[in-house]
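In: Sequence and predicted structure are below.
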Amino acid sequence: MAENYFNTLPLRRQLEELGDCHFMDGSEFARGTEAAQGKKIVIVGCGAQGLNQGLNMRDSGLDVSYALRDAAITEKRQSFLNASENGFAVGTYAEMLSSADIVMNLAPDKQHTSVVETVIPHMKEGATFTYAHGFNIVEEGTQIRKDLTVIMVAPKSPGSEVREEYKRGFGVPTLISCHVENDPTGEGIEIAKALCVAQGGHHAGVLNSSFVAEVKSDLMGEQTILCGLLQTGSILCFDKMVKEGIEEGYASKLIQFGWETITEALKHGGITNMMDRLSNPAKIVAYSLGEELKFIMGDLFYKHMDDIISGEFSKTMMADWANDDVNLLQWRRETGETAFEKSTPSGEISEQEFFDKGIVMVAMVKAGVELAFEAMVDSGIQPESAYYESLHETPLIANTIARKKLFEMNRIISDTAEYGCYLFSHAAVPLLKNFIEEIDTDVIGKGLDSTDTTVDNRLLVDVNYNIRNHEVEEIGEILRESMSNMAAI
Ligand SMILES: NC(=O)C1=CN([C@@H]2O[C@H](COP(=O)(O)OP(=O)(O)OC[C@H]3O[C@@H](n4cnc5c(N)ncnc54)[C@H](OP(=O)(O)O)[C@@H]3O)[C@@H](O)[C@H]2O)C=CC1
Ligand SMILES: CC[C@](O)(C(C)=O)C(=O)O
Ligand SMILES: [Mg+2]
Ligand SMILES: [Mg+2]
C-alpha cells in the first residue's frame with residue numbers, strides 16, 4: 001500500500017497545505033460554467049452525492065451521464081435505478097469512460113483505490129478526474145497518472161441538501177481544490193470552479209483550498225460535532241429522560257426534532273442567536289453547562305484532531321476496512337438497538353418548547369461547535385474552513401435526524417463519517433456518564449421553574465460577552481453576511 005501523502009511532506013509543506021484556504025469573491029466566478037461546457041462529464045457512482053450533483057449539473061446545462069459497475073447495471077441495483085429513472089444515459093466503464101473529458105469519482109471513500117485501479121485505465125490522455133473528499137489522495141497516498149488533472153469539488157453538506165438548496169435557487173458552501181501533484185495544464189481550478197457553479201455552490205460561499213486541508217477538517221467535523229456529538233447527545237438525553245420518568249414518546253420527540261429546531265437558530269445567527277432563544281436564567285444555566293462540557297470533552301476533541309493529523313485515525317479505519325468492516329457493522333447494529341432508535345415520537349411540542357426543555361442539548365451544541373472549531377484552528381486550519389465544518393453544517397446533519405433518527409443520519413453521511421461518528425460516540429458516552437447523572441430534568445425534559453426569572457446583571461453581561469466574542473461567532477458573522485449577499489444576487 002502507498003504511504004500516507006500528508007506524512008511524506010516536510011513540516012513546512014504540511015503547514016502550508018493545512019493553512020491553504022482562500023474565501024473566494026463572487027467576481028471569481030464570472031466565467032460561470034464555461035470551463036465545463038461542451039465537455040462530456042461521466043459520474044462514477046450514483047448514491048448520496050452522485051445522483052444529486054448530477055441532477056444539479058444537468059439542470060445547469062452540462063452534459064452528464066453515469067458509468068456504473070457491470071453488476072450494478074445487470075442486477076438493476078439502486079445506483080442504476082437512481083440514474084436511469086432520472087433519465088440519464090448509463091453505461092459500463094468500457095462504454096462510457098474513454099470519451100469522457102471529466103470523470104467524477106462519487107463512490108464511497110473505501111472503494112476509491114478500487115475505483116482508481118478500474119476507472120483510470122479507461123480514461124483518455126489529458127482528461128480530468130475529480131473527488132468530493134480527498135481521503136484517497138491524502139491518507140492512502142494514491143498517485144494518479146500525471147497527464148490527468150485531479151481536482152476536488154466537495155460540498156460541505158449531505159447530498160440531499162445539495163439538491164434541495166439548488167432547487168431553491170441557492171447552493172451549499174463548497175470547497176474546491178486542484179491537487180498540486182496533478183495540474184498538467186494549469187486549468188484545474190477553472191474546471192473546479194465551473195463544476196462548483198453548476199452545482200450552485202458559488203451562491204453559498206466557496207473556499208479555494210487544498211486536498212490536505214479538506215481532508216483534515218472534514219474528518220474532524222464529522223467525527224465530533226456534526227455526527228459524533230449529535231449521536232452521543234441523542235442517546236444520553238433520551239435515556240436520562242426515560243430514567244427520570246418522562247413519557248417515552250415525548251422524550252423521543254424532544255430529541256428527534258430538537259436538534260433540528262435548536263440548530264435552525266444557528267443557521268440564522270450563530271451560537272449567539274441560539275443562546276438568545278433561551279430565557280435569561282436558562283441562558284446562564286446553558287452557558288455554565290456548556291463550559292463544563294467543554295472541560296470534560298476537550299481532551300477527546302483534541303485526541304480526534306491529533307489522530308486525524310497524524311494519520312492514526314485513517315490507519316485504524318483502514319484496518320477495519322481490511323477486516324470486513326467488523327467494527328463498523330457491529331457499531332451500526334448497536335446503534336439500531338438503542339432505546340432512542342426504537343422509540344416512537346408522540347405529542348405536540350412547540351418551537352420555543354424545544355429550547356426551554358432542551359437546555360442541555362443547547363449546551364451540547366454550543367460546546368461541540370466551539371471545541372471542534374478551536375481544535376481545527378489550533379491545528380492550522382483556517383477559521384473559514386473550521387466554521388463550515390462545525391457551525392454551518394450542524395443544522396444540515398440535524399435535518400437528517402429529524403427525518404429518521406440516527407439511522408437516517410448514518411445512512412446519508414459518507415462511510416468515513418459513519419465510522420468516525422461511532423468512534424467518537426463510543427468514547428463520549430462513558431465520558432459523559434457522571435455529567436448526565438448529575439443533571440436534573442429542569443435542563444432536559446421539563447425546563448426551569450419559570451416563577452423566578454431573576455438574574456444577576458453582571459453575570460448576564462459576562463455570559464453574553466463571552467458568547468458573542470468567540471472566534472466562531474466573529475467569522476460566522478462575516479460568512480453568513482456574504483452568503484446572504486450572494487443569495488440576493
Ligand atoms: N454522503 C455525503 O453526504 C457526502 C459525501 N462526500 C463524499 O462523496 C463521495 C461519495 O460518497 P457518498 O455519496 O456518500 O457515497 P455512496 O455510498 O452514497 O455511494 C454509493 C455509490 O457508489 C457506487 N460504488 C460502490 N462501490 C463502488 C466501486 N467499488 N466502484 C464503483 N462504484 C462503486 C455504488 O454503486 P453500486 O450500485 O455499484 O454499488 C453507488 O452508486 C465520497 O468521497 C464522500 O466522502 C462528500 C460530502 C458529503
Ligand atoms: C458530515 C459528514 C460529511 O462530511 C458531509 C455530509 O459533509 C460526510 O462525509 O458525509
Ligand atoms: Mg463533509
Ligand atoms: Mg465527510
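Out: It's in. Ligands and ions are numbered 1, 2, ... in the order given.
In: List the backbone torsions phi and psi for residue 157.
Out: Residue 157 has phi and psi values of phi -170, psi 150 when expressed as degrees, to the nearest 10.
In: Would you confirm that it contacts residue 171?
Out: No. Using Cβ atoms under 8 Å, residue 157 is not in contact with residue 171; the gap is 9.1 Å. For every residue, glycine as well, the C-beta is placed using N, CA and C.
In: For the worst-scoring helix or strand of the chain on mean pLDDT, could you pull out the residues that count as buried?
Out: The weakest-scoring helix or strand in the chain, judged by mean pLDDT, DSSP states H and E, is helix 471-488 (a mean of 82). Buried positions in helix 471-488, judged by neighbour count with 16 or more other Cβ atoms under 10 Å: 472, 473, 475, 476, 479, 480, 482, 483, 486.
In: Distance-wise, check the closest residue to residue 326 other than its chain neighbours relative to residue 47.
Out: In space, and not counting its chain neighbours, residue 326 is closest to residue 320: 6.5 Å by Cβ to Cβ, 6 or more residues apart in numbering. For residue 320, the distance to residue 47 equals 20 Å [Cβ to Cβ, to the nearest Å].
In: Poorly predicted segments of the stretch 51-200 of the chain, please.
Out: The model of the stretch 51-200 of the chain has no residue with pLDDT under 70.
In: Near residue 435, how many other residues are there?
Out: 16 (other Cβ atoms under 10 Å).
In: ok, residues contacting the helix or strand it falls within?
Out: Element membership of residue 435, judged by DSSP states H and E, is helix 433-438. Applying Cβ atoms under 8 Å, 6 or more residues apart in numbering, the contact partners of helix 433-438 are 236, 237, 239, 240, 292, 293, 296.
In: Looking at the buried residues of helix 471-488, which one is closest to residue 351?
Out: residue 480 (20.8 Å; Cβ to Cβ).
In: quick one, what contacts the closest one?
Out: Taking Cβ under 8 Å, 6+ apart as the test, what residue 480 contacts is 269, 270.
In: what's the spacing between it and residue 171?
Out: 15 Å.
In: Over to residue 481?
Out: In terms of Cβ to Cβ, residue 481 sits 17 Å off from residue 171.
In: And for residue 341?
Out: 32 Å.
In: Equivalent analysis for residue 198, please.
Out: Distance from residue 198 to residue 171, by Cβ to Cβ: 10 Å.
In: now do residue 385
Out: 17 Å.
In: Just grab the bridge partners of residue 67 for me.
Out: Beta bridges link residue 67 to residue 44, residue 91 when assigned by DSSP bridges.
In: What distance do you get for residue 179 to residue 51?
Out: 25 Å.
In: residues in contact with residue 268?
Out: Contacts of residue 268 by Cβ under 8 Å, 6+ apart: none found.
In: er, residue 88 I mean
Out: 54, 58, 64, 65, 66.
In: Now the second one. Nearest residue, chain neighbours left out?
Out: Closest residue in space to residue 58, ignoring its immediate chain neighbours: residue 64 at 4.7 Å, by Cβ to Cβ, 6+ apart.
In: That neighbour is in what secondary structure piece?
Out: strand 63-67.
In: In terms of secondary structure, what does that strand contact?
Out: Here strand 63-67 touches strand 40-44, helix 48-59, strand 90-91, helix 93-96, going by 3 or more Cβ pairs under 8 Å, 6 or more residues apart in numbering; DSSP states H and E.
In: how about the strands in this structure?
Out: 21-23, 40-44, 63-67, 90-91, 102-105, 128-131, 149-155, 174-178, 206-209 (DSSP state E).
In: Could you double-check that residue 104 sits in contact with residue 40?
Out: No. Here residue 104 does not reach residue 40: they are 11.4 Å apart, not a contact under Cβ under 8 Å.
In: Those two: which is more packed in?
Out: Neighbour tally, residue 104 and residue 40, criterion other Cβ under 10 Å: the higher count belongs to residue 104, 27 against 16.
In: mind listing what's buried in stretch 276-292?
Out: 276-287, 289-291.
In: Kindly report the same for stretch 309-320.
Out: Buried, per 16+ other Cβ under 10 Å, within stretch 309-320: 309, 311, 313, 314, 317, 318, 320.
In: Could you export it as CSV, CA atoms only?
Out: C-alpha atoms of stretch 309-320 as CSV (Å, rounded to 0.1, in the frame of the first residue of the first chain):
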residue,chain,number,x,y,z
ILE,A,309,-3.5,14.9,11.7
SER,A,310,-1.0,12.1,12.5
GLY,A,311,-2.8,9.5,10.3
GLU,A,312,-3.6,7.3,13.3
PHE,A,313,-7.4,7.6,12.6
SER,A,314,-7.1,6.7,8.9
LYS,A,315,-4.8,3.7,9.8
THR,A,316,-7.4,2.4,12.3
MET,A,317,-10.3,2.8,9.9
MET,A,318,-8.5,1.2,7.0
ALA,A,319,-7.6,-1.7,9.3
ASP,A,320,-11.4,-2.2,9.8
